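Quick one, structure for this:
(chains A and B, ligands or ions: 2)
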Amino acid sequence: MSRSPVARALETAFARINKKRQWYEMPTVSLKALNLLSLRLDLRDKNLFDSPNREQKPRTEDPPPEALRARRPDGRWNDLEDPDMGSVGREFTHNIDPKRIKPEKPPRLHTPSARKVSLELMTRDTFKPATTLNALAAAWIQFENHNWFFHGRGKPEEVMDVPIEDSDDWPEHPMHVRRSVAIPGGNGNGNGRAVDYGNTETHWWDGSQLYGTSVEQQKQLRTFEDGKLKIGANGRLLEDPDEAGIDMAGFNENWWFGLSCLHTLFTKEHNAICDRLRRENPRWDDQRLFDTAWLINSALMAKIHTVEWTPGIVNTPALWFAMNVNWSGGLGQHIKDRFGRLGDSEILSGIMGSPQEHGEAGFQLTEEFVSVYRMHPLIRDDWEFFRHDSGERVEERFFDDLQGSNTRGFMQNYEIPDLIYTLGVLNPGQITLHNYPRALQHHRRIDGELMDLATLDVLRDRERGVPRYNDFREEMRMPRVRSFDELTDNKQWAEQIRRVYDNDIDSVDLQVGMYAEPLPPGFGFSDTAFRVFILMASRRLKSDRFFTTDFTPEVYTQAGIDWVNHTKMKDVIIRHYPELEPSLEGMPNAFLPWHRVDAAHDGKGPMGKRFEGMKKALEAINA
Amino acid sequence: MSTATEARSEAAVGRLHDASLGESLKFVATGLLPSLARGLFKPRRGAMKRLTALDMDTRAIRALSEIRDKHGGDGARLLGGRLAVLWGAGAIREVLDNSATDYASDGGAKAKGMCHFQPDALTVSRGADWRDRRAFNESVLAYSERVHPLADRFLSVVEDEVARLRIGPVLEWDAFEGLWDHITLRVVFGDHARGDQELTGLLAKLMNQGQRLVGVGEPTDDYYELYGKIERYLADPQEGSLLSLVREAPQSDRTRVAHQVPHWMFAMRDTLGANAYRALAVIAADPSLCARVREELPEGGELLEGVLHEAMRLWPTTPLLARETTRDLELGGARLAEGTQVMMLNVFNHRRPEGIDDADRVVPERWMGDNPTEYRFNHLSNGTQDCPGGPLVLLLGRAVLARMLSEWSFKLVEPSLPAGGDQPTMLDFFAIRFEVEPR
Ligand code: HEM
Ligand code: HEM
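Ligands and ions are numbered 1, 2, ... in the order given. Below you'll find the model as predicted:
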């Protein structure tokens, strides 16, 4: 591919430096940000691959006219030349040359047993909170995962037998885990080669968790009046007609109250956008209103993820800066508003509104991308609940009571703002070893299947050929770690990992390595995960016609563009639940821990809160 | 092998004549010194490349051919008798069958080089020390058993390592070397040593110092560290490793167990690695041979073993066998004084053996079926001091090649080798490159 001279110059400059010093060890914020940008461009040019199992067919149909200015439920026609790209059911690809992908088979698949890894390295001893974040950030990332991907449920008759110790109290010996289901023609029998697994969601950042992935599903979710989505008169989501206890939504697997709150918020946001659009375009029909609100709402979620959630969890000034570059260019929103886009270089002007481009491979999410988002330690086991107005502590509950078929029943006891407030003030768990939620290590799915998600997190990578930690690092152009002491600062962990992996550093699983490695300052997850993440985060924007070529007033309306550009997470919350304003006052980022209303009552005015908010942001950065 | 050759091999020792000073010097310059430069123990990337570019082995072959054509017989005495060079099966057999006694191998540059990292190794021992250490090595390496008692475990190590090997779209030496590094550490020391690249690194460092043939003198810190590490592994041998067989093997005070181990390490990791890599190149270069080899998969059989032998024969990693007479004696009617250096130039004997057809070609059939020993083919040597690791070489080499061929298809990108034709005299394994496709 033709690389821009700027990108090449950056690579040349940083390639040498990075041999000795990682990006986060650069002396200044702008150098860090520039180094990050360079890493990202480098990965983009070298770590994108198409599936070898799929033939590229030339397009034979013409795009349907509605696809030109609206997303399709199944994700087709985003790229007008390759209509299937990124659509539902398409395979996950890889960030590693597929020739080097080797799904593991026994005995390697079980060396060491994933259950042993779960029990000995993951089990939460005491809860370790991520003190610079709130639990809303945990719910948010699961919410977004459901926007992006899911591998499906597998077939009960096709299982892997995970060996477990005699003394293990797990009810079945060995443990049965459903295989991931390969897509037809995706080299399902494997032969030890890369297998294609399909995404049950669209690959696009199109809000499919809200809007579903088929016309039929959307029918169920829409009111067909003024473009709106269904929501109860009481402001609550409707119940899933097929699954008692959980809400109806575009994607409602692994349901719990955190997801329910976010779905409620963004369903309301969709409807608010419809109201605005209708005021400006009184003659628009339901479909046009729906389509345009969908575009705006999904762009808004993508933006919140990019400029708020990400810098919240990877809390370094360089990233606050770099992510804004991603979104709006280094010049900042203000300049862009006034002067429009400045030429076609995304380095200068960010991605939004730049030309759609896929780089080395068609746009599909990747197995590696899925792997680095396995962030289950974020989930708490024990939850305290508070009233949003008085701050009164109501009760404490174990996670099991708040999820699956218990979700709606539990939520009846609270106002939605109470629940969002609770998410806002509690910390999630740190993504480290020995912090895996006990609830998810012994998780009864809504369909009755018992699973240890920690075992699955490890086993899935092995099954799908996502390399183990050291090989993974090498593929991401990071140095291998040579010893257990180099892997982690924690002497005790180093010993434990050594034992579980029989002294074989190259066998350490990706998840374990990522949970164990020392984090760059301000980071909520590993630098290793971060590499995939900086590549794919920008790609999700850059490849999508509706964030690039068609992020225009003609498609979105000017009101729509403004809505996206000038709304933050905090605005969404306050728009629908103004009673939460005191807790958010002065907060620069809604994913940092909110002010507690009881504490804030003692005499802090708006200025005091603003100060508090800044203080929290700074604490987060310096943590 | 034809019965005619057999008859010749069995024949008595042919005569040794005296070569002129000019011939002697030419042989020393083209045959002897380059072999030393190549590194008797650990080949060096730069040296390999230069020697290959100069095609040094072809020069050596030419020089020796001239001497043989002129004088005939089984060999010649050079430099007024201080040096003898052998090409006839009879004389070679006589020397190799009396190795370590009449013809000891601890002389000259090799011993000096090796002293630096393994002063008490079997290969530089003689007399009673040699017998003691030989028995020990033969026992651990299971030299006279049809299958090594730990063969199953070693095969599963190979299987696991090849399963873990991540190559593509190309394969280059470094990755293959890495594979052998892991296999060697696990086979010799056990699974828990897999990541001990410090150990193999130390040995490589000492070997490189050794072959510079200078400053050999006092042992260095690295030397003590290497043996310290080996002693620690010996103290707590892991089930299923070669070291776990040490306890049961015959040994005495003079065995110097730890000093036997480095040879196993570099012979497996470096020597066998390089030979297997060349065999892979030979297979990849010849589609019809490749198809026949594939018929033997997944295990790999006689044919694959034959190809490995041919690769070792065509490009012998021990270019030269050197012996020193331990007393005055007679060979092929010529008197050899005590201290005479006796040289068998494998690069010559393997390529120009009189009466053997197609010596420049890959003919794996040479090694299939029950053929009598050909004493001129010495890639694993012959006689009393032959390679006690031979059975392991075939076991591991064959297994690695079979596993690799089962997993991938290989296309030889560099260099090009003529399918079925005469093979170049030199094949720089550092430079071999394949394109690989998962199968
Ligand atoms: C912080 C919040 C969470 C994040 C970031 C997260 C992330 C993920 C990811 C990345 C996967 C892999 C998906 C795939 O292979 O397609 C996954 C799988 C899964 N997650 Fe979560 N998850 C979160 C919370 C939860 C919760 C709260 C539950 C349960 C209530 C849950 C249940 C599951 C289940 C059942 C799977 C499927 C496992 C399998 O069969 O491979 N997750 N999660
Ligand atoms: C393809 C791989 C190998 C080749 C081509 C090879 C070749 C040879 C040759 C030519 C000799 C005789 C050297 C001389 O007399 O000067 C020899 C000796 C020896 N080899 Fe190997 N070898 C290989 C692998 C191994 C392995 C894997 C081991 C042990 C694990 C081993 C252990 C030994 C020992 C201990 C000697 C000394 C024997 C003695 O002096 O009595 N070799 N090898």
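
could you pull out the strands for the stretch 51-200 of chain B?
B:75-78, B:83-86, B:103-104, B:170-171 (DSSP state E, counting those that start in this stretch).

and if you look at the stretch 401-550 of chain A?
Counting by DSSP E, counting those that start in this stretch, the strands of the stretch 401-550 of chain A are A:443-444, A:450-451.

between those, which gets nearest to chain B?
Among the strands of the stretch 401-550 of chain A, strand A:450-451 comes nearest to chain B, with 26.8 Å by Cβ to the nearest Cβ. The way it works is simple: take the backbone N, C-alpha and C, and place the C-beta from them, glycine included.

Does stretch A:300-315 reach ligand 1?
No. Stretch A:300-315 is not in contact with ligand 1 by Cβ under 6 Å from any ligand atom; minimum separation 10.7 Å.

measure that stretch end to end?
In stretch A:300-315, first residue to last residue: 21 Å (Cα to Cα, to the nearest Å).

do stretch B:13-23 as well
First residue to last in stretch B:13-23 (Cα to Cα) measures 22 Å.

and the closest residue to B:Arg59 other than its chain neighbours, which of the three is it?
Leaving aside its sequence neighbours, B:Arg59 sits nearest to B:Thr30 (Cβ to Cβ, 6 or more residues apart in numbering or on different chains; 4.4 Å). For B:Thr30, the assignment made with DSSP: H, G, I helix; E, B strand; the rest coil gives helix.

so who does B:Thr30 touch?
B:Thr30 makes contact with B:56, B:59-60, B:62-63 under the criterion Cβ atoms under 8 Å, 6 or more residues apart in numbering or on different chains.

Write the PyMOL selection for whichever of the residues you listed are buried.
To isolate the buried members of the contacts of B:Thr30 in PyMOL, using 16 or more other Cβ atoms under 10 Å in any protein chain shown:
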select buried, chain B and resi 56+59+60+63
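
what's the neighbour count on the residue nearest to A:Ile446 when sequence neighbours are not counted?
Once flanking residues are discounted, A:Ile446 sits nearest to A:Gly404: 4.5 Å by Cβ to Cβ, 6+ apart. Using other Cβ atoms under 10 Å in any protein chain shown, A:Gly404 is surrounded by 19 other residues.

show me the residues around the residue of chain B found nearest ligand 1 that make contact.
Across chain B, no residue is closer to ligand 1 than B:Arg166, which sits at 21.7 Å (Cβ to the nearest ligand atom). Listed by Cβ under 8 Å, 6+ apart, the contact set of B:Arg166 reads A:100, A:102, A:467, A:471.

what about it, distance to A:Gly186?
20 Å (Cβ to Cβ, to the nearest Å).

can you check B:Asp328 too?
In terms of Cβ to Cβ, B:Asp328 sits 76 Å off from A:Gly186.

Show me which of the two is the more surrounded one.
Legend: neighbour count by other Cβ under 10 Å for B:Asp328 and A:Gly186, higher for A:Gly186 (18 against 11).

Give me the local confidence score for the nearest residue to A:Gly186 once chain neighbours are set aside.
Spatially, and ignoring its direct neighbours in sequence, A:Gly186 is nearest to A:Asp196 (2.8 Å; Cβ to Cβ, 6+ apart). At A:Asp196, the predicted lDDT confidence score is 92.

so what's the residue nearest to A:Ile446 up against?
A:245-246, A:255-256, A:444-446.

Next: B:Trp367.
So B:Trp367 contacts B:302, B:305-306, B:309-310 (Cβ under 8 Å, 6+ apart).

Looking at the contacts of A:Gly404, spot the one nearest A:Gln496.
The nearest member of the contacts of A:Gly404 to A:Gln496, counting by Cβ to Cβ, is A:Arg444 at 28.3 Å.

hang on, the earlier thing: out of the strands of the stretch 401-550 of chain A, which gets nearest to ligand 2?
So among the strands of the stretch 401-550 of chain A, strand A:450-451 is nearest, using Cβ to the nearest ligand atom, at 46.9 Å.

Tell me, how many residues neighbour A:Leu365?
25.
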